[in-house]
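**Q** how would this look folded up:
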Amino acid sequence: MIQKLTSDERTRQLAKLNRWQSVAERDAIRRAFEFADFNEAFGFMTRVAIKAQEMDHHPEWFNVYNKVDITLSTHEANGVTERDIALAAFIDGITM
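**A** Next up, the predicted model:
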């Protein structure tokens, strides 16, 4: 079974990511993105979806036009795990 990160581990890992923040009152991390238009946002979501499927780890997300809001938490661990950090790092890599 995958283990959720301790508070210290999460803080250290979060510091390595670009603009990801802890979610208040929940063991999750979140980042909001804004793109030039819907096409660019949808292309981004497609790339994330392909990687998420490969990892068997699917984000919670919300999209309106050019905005995408992503929340990551591993449901089976009831909190943030290395799996969430890895997907967040991938996402950072395709948006830089």
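**Q** What segments of the protein are helices?
**A** Per DSSP state H, the chain carries helices over the ranges 7-15, 38-55, 82-95.
**Q** Single out the most deeply packed of the ones you listed.
**A** helix 82-95 (a mean of 18; mean count of other CB atoms under 10 Å). Using the backbone N, CA and C atoms, a C-beta is placed for each residue, glycine as well.
**Q** Check the offset of that helix from the chain's centre.
**A** 6 Å (CA atoms, centre = their mean, to the nearest Å).
**Q** Any chance you could list what contacts that helix?
**A** The contact list for helix 82-95, computed with CB atoms under 8 Å, 6 or more residues apart in numbering, reads 2, 5, 13, 16-18, 20, 28-29, 31, 33, 44, 47-48, 51-52, 55, 57, 59, 70, 72-74.
**Q** Check stretch 22-42 too.
**A** If you take CB under 8 Å, 6+ apart as the criterion, stretch 22-42 is touched by 4, 10, 14, 17-21, 44, 63, 65-73, 78-80, 84, 88, 91, 95.
**Q** Same check on stretch 3-21?
**A** Residues from elsewhere that reach stretch 3-21 (CB under 8 Å, 6+ apart): 22, 27, 29-31, 74, 77-82, 85, 88-89, 92, 95-96.
**Q** Export only the CA atoms of that stretch, formatted as CSV.
**A** Extracted C-alpha coordinates of stretch 3-21, given in CSV (Å, rounded to 0.1, in the frame of the first residue of the first chain):
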residue,chain,number,x,y,z
GLN,A,3,2.0,5.7,2.2
LYS,A,4,1.1,9.3,2.5
LEU,A,5,3.9,11.7,3.1
THR,A,6,4.5,13.1,6.6
SER,A,7,4.1,16.8,7.1
ASP,A,8,7.8,17.3,7.0
GLU,A,9,8.2,15.2,3.8
ARG,A,10,5.3,17.1,2.1
THR,A,11,6.8,20.4,3.0
ARG,A,12,10.2,19.4,1.6
GLN,A,13,8.7,18.0,-1.6
LEU,A,14,6.4,21.0,-2.1
ALA,A,15,9.3,23.3,-1.9
LYS,A,16,10.8,21.6,-5.1
LEU,A,17,7.6,22.2,-7.1
ASN,A,18,6.6,25.3,-8.9
ARG,A,19,3.6,27.2,-7.3
TRP,A,20,1.9,24.1,-5.9
GLN,A,21,0.2,24.9,-2.6
